[in-house]
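Q: just need the structure, nothing else, for what follows:
(one chain, ligands or ions: 1)
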Amino acid sequence: MSDLRESFRRQAEALGLEERLQACPLPEPILVEADALERVPAYIAGQGWRKAAIACDERTAAAAGRRLQRLLEQAGIDAFVAVIAADAAGDVVADEASLMELLLAAKPAGADVLFAAGAGTIHDLTRFAAYALGIPFVSVPTAASVDGFTSLGAPLLLRGVKTTVAAVGPAAVFAETGLLQAAPAPLTAAGFGDMLGKLTSLADWRIEHLLSGGAQGGWSAGVAALTDSALRRSIEQADRLRGGEAAGGSQAEQGGAVVSVQAEAEQGGAASGVETLAEALIESGLAMLLLGASHPASGAEHHLSHYWEMELHRAGARPLLHGAKVGVACAIIADYYRAIVAAASGKDGGAGSGEAAAAAAGTGRAAGVDAEARPGAAEGAEPASPPSRKSGLAAPTYASLPPVSAEAASRVAAAAGPAWSEIERIVGSLPSGERIRELLALAGGPGSPAELGLSDAQVERALLEADRVRPGRLTLLRAYNEELRKLG
Ligand SMILES: [Zn+2]
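A: Below you'll find the predicted structure:
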């Protein structure tokens, strides 16, 4: 048995975070182990809860929800499974309709505890439903797919707009390693993408601190170190996440009827790889809890991801996995930030500095004109049209990034003053976009926008507009775009 809560506490204490630990009740327990679900009934009985609602989707009801229901009923606890319906395209979306469905299932039944038995979307719905009903929720992750299992906020799509609303964190986490390993391989790869995103989110957090003279972001070196440690451990395991290389036995053997045949066939990776990733994701979530904000784990790469999510939703397109978008966006941001820093430092002669990033992406692009890429739209208006370009026809990666304006970049640098050299160092220490794509590929996930089905135009729009997704958050992307808009 390994209670991640205790190891996390020890790590945090060693980093001088005792006060934050005292102020912030962590879920208890946080189990990541082979028979985690078996431990749930004793925990529930110990809390005095008598009636449980288990939120699932079709897949996770089969993988975990119904077994959890049986385990609880065997222990004399009333339990029912609420399967959240998929939309016409087969996806469960964290929107008003799904939320209402869960509330209508749980409220009349008089549940005194809600379970989230699923991946990120089920957790987002459950944490808000529990908050709205004033009852606790317990996390049962069925995939190592996001770092939001333990978060306090629920990102929901409300009238098509990605809105993070206040909710509750889980009272406890029971992550069964067999379930995590049996999850569809794209979910695990997405979890790795969400984790890799910490490369740029940590950079952005520090940059926010520097650009605001310490006034914004609530920088904590200890919390950053916790997130960074989780990130490094998951990178070390990148090559152990892919399906078809499993070292463990069949999950179906271990878990009876737990896992579908399809899930078994897609079973992803050696036990330690997926387990390490799951632990890293949970720790990243706990680091956010300690800070009381998402800065360590969410920067410009997340804003790009949210922007695409809303754009796809408006277009009626199928949603993409959160972490898959974040991983791809992380590689883009790493390249774009390098181009901004290079342009500010006059290393690239200005207008063509987008080429530096394009070169890093393995392709070239003719020098652009700054004015081309400027968003002409006012706040809240439709995104500006991107400059026309020749399509990169199934290119292995984006053909180019928008050209960087040397003037806007220089203004960011000037405003940063002496802190700019530190920002240069932070951006310089980021892996290249190419390296990030290599890591994503190693984990079996998409690396380029094209692999996600996103066009160059969508990449450009996101770079120019996505900082508006999160108005209160300062990132290098926002600082640069604001200067660009002033010039516009
Ligand atoms: Zn994320």
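Q: which one is T276 nearest to, not counting chain neighbours?
A: Q237 (4.6 Å; CB to CB, 6 or more residues apart in numbering). For every residue, glycine as well, the C-beta is placed using N, CA and C.
Q: shouldn't H306 be within a helix?
A: Yes. Assessed with DSSP: H, G, I helix; E, B strand; the rest coil, H306 lies in a helix.
Q: isn't it up against D467?
A: No. H306 lies out of contact with D467 (CB atoms under 8 Å); the separation is 10.7 Å.
Q: ok, the residue nearest to T276 - contacts?
A: By CB atoms under 8 Å, 6 or more residues apart in numbering, Q237 lies in contact with 272-273, 276-277.
Q: next, it: phi, psi?
A: phi -100, psi 10 (degrees, to the nearest 10).
Q: one more: Q181?
A: Q181 has phi and psi values of phi -70, psi -30 when expressed as degrees, to the nearest 10.
Q: tell me, how many residues neighbour it?
A: By other CB atoms under 10 Å, 31 other residues sit near Q181.
Q: what's the separation between the closest residue to it other than its chain neighbours and V165?
A: Among residues not flanking Q181 along the chain, V274 sits closest, at 5.0 Å (CB to CB, 6+ apart). Between V274 and V165 the computed distance is 30 Å (CB to CB, to the nearest Å).
Q: more neighbours: which of the two?
A: Set V274 next to V165 and count neighbours by other CB under 10 Å: V274 wins out with 29 against 14.
Q: can you give me the strands in the stretch 301-450 of the chain?
A: Counting by DSSP state E, counting those that start in this stretch, one finds no strands in the stretch 301-450 of the chain.
Q: which stretches of it form helices?
A: Secondary structure of the stretch 301-450 of the chain by DSSP state H, counting those that start in this stretch: the helices cover 322-344, 354-360, 370-373, 406-416, 420-428, 433-442, 449-452.
Q: quick one: low-confidence parts of this protein?
A: Within the chain, the segments meeting pLDDT under 70 span 1, 243-271, 348-399.
Q: one more pass at 50, please.
A: Along the chain, segments meeting pLDDT under 50 span 244-270, 349-397.
Q: which secondary structure elements does the host helix or strand of R232 contact?
A: Under the criterion of DSSP states H and E, R232 resides in helix 221-236. For helix 221-236, the packing partners by 3 or more CB pairs under 8 Å, 6 or more residues apart in numbering; DSSP states H and E come out as helix 4-14, helix 185-196, helix 198-211, helix 271-291.
Q: what is the next helix or strand after the shortest one packed up against?
A: This means helix 4-14. Next in sequence after helix 4-14, counting helices and strands by DSSP H and E, comes helix 18-23. Helix 18-23 sits against helix 4-14, helix 271-291, with contacts defined as 3+ CB pairs under 8 Å, 6+ apart.
Q: quick one: residues in contact with the shortest one.
A: Counting by CB under 8 Å, 6+ apart, the neighbours of helix 4-14 from elsewhere in the structure are 18, 20-21, 26-32, 173, 222, 226, 229, 279, 282-283, 286, 290.
Q: in PyMOL, select just the buried ones from the residues you listed.
A: PyMOL command restricting the contacts of helix 4-14 to the buried ones, with burial defined by 16 or more other CB atoms under 10 Å:
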select buried, resi 20+26+27+29+30+31+32+173+222+226+229+279+282+283+286+290
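Q: could the contacts of Q237 go into TSV alongside neighbour count and distance to A329?
A: Shown next, in TSV, are the contacts of Q237 (neighbours: other CB atoms under 10 Å; distance: CB to CB, whole Å):
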residue	neighbour count	distance to A329
S272	13	28
G273	26	23
T276	21	23
L277	29	19
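Q: tell me the one of those residues nearest V92?
A: The closest of the contacts of Q237 to V92 turns out to be L277 (CB to CB; 22.2 Å).
Q: which residue packs closest to that closest one, ignoring adjacent ones?
A: In this structure, L277 finds its nearest non-sequential neighbour in A144, 4.6 Å apart by CB to CB, 6+ apart.
Q: and the one you found, how far from L290?
A: 21 Å.
Q: A278 versus L4, what's the distance?
A: As defined by CB to CB, L4 lies at a distance of 9 Å from A278.
Q: could you check which of the two has the larger neighbour count?
A: A278 (29 against 21).
Q: so who does that one touch?
A: By CB under 8 Å, 6+ apart, A278 lies in contact with 32, 141, 144, 175, 177, 180, 191.
Q: the third one contacts A182, doesn't it?
A: It refers to A144. No. Using CB under 8 Å, A144 is not in contact with A182, being 11.1 Å away.
Q: more neighbours: those two, which one.
A: For A144 versus A182, neighbours defined as other CB under 10 Å are more numerous around A144 (38 against 30).
Q: helices along the stretch 51-200 of the chain, start to end?
A: For the stretch 51-200 of the chain, applying DSSP H, counting those that start in this stretch gives helices covering 58-60, 66-74, 96-109, 120-133, 177-182, 185-196, 198-211.
Q: chain center to the first one, what's the gap?
A: Relative to the mean C-alpha coordinate of its chain, helix 58-60 is positioned 21 Å out (CA atoms, centre = their mean, to the nearest Å).
Q: quick check: buried residues in it?
A: Buried residues in helix 58-60 (16+ other CB under 10 Å): 59-60.
Q: so which residues make contact with it?
A: Residues outside helix 58-60 that contact it (CB under 8 Å, 6+ apart): 83, 86, 117-119, 122, 142, 184, 260, 263.
Q: hmm, try it at 6 Å
A: Helix 58-60 is contacted from outside by 117-118, 142, using CB atoms under 6 Å, 6 or more residues apart in numbering.
Q: same thing with stretch 289-302?
A: By CB under 6 Å, 6+ apart, the residues outside stretch 289-302 that reach it are 20, 24, 147, 150, 197-198, 200-201, 204-205, 217, 223-224, 227, 284, 287-288, 326, 329-330, 333, 475, 477.
Q: please save the CA atoms from it in CSV.
A: Output in CSV follows, covering the C-alpha atoms of stretch 289-302 (Å, rounded to 0.1, in the frame of the first residue of the first chain):
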residue,chain,number,x,y,z
LEU,A,289,-4.0,22.8,-4.1
LEU,A,290,-1.2,23.9,-1.9
LEU,A,291,-0.8,27.2,-3.9
GLY,A,292,-4.6,27.7,-4.1
ALA,A,293,-4.2,28.5,-7.8
SER,A,294,-3.4,26.8,-11.1
HIS,A,295,-0.3,28.8,-12.0
PRO,A,296,2.3,26.0,-11.6
ALA,A,297,0.3,23.7,-14.0
SER,A,298,-1.4,26.0,-16.4
GLY,A,299,0.2,28.7,-18.6
ALA,A,300,0.0,29.8,-22.2
GLU,A,301,0.0,26.1,-23.4
HIS,A,302,-3.3,25.6,-21.5
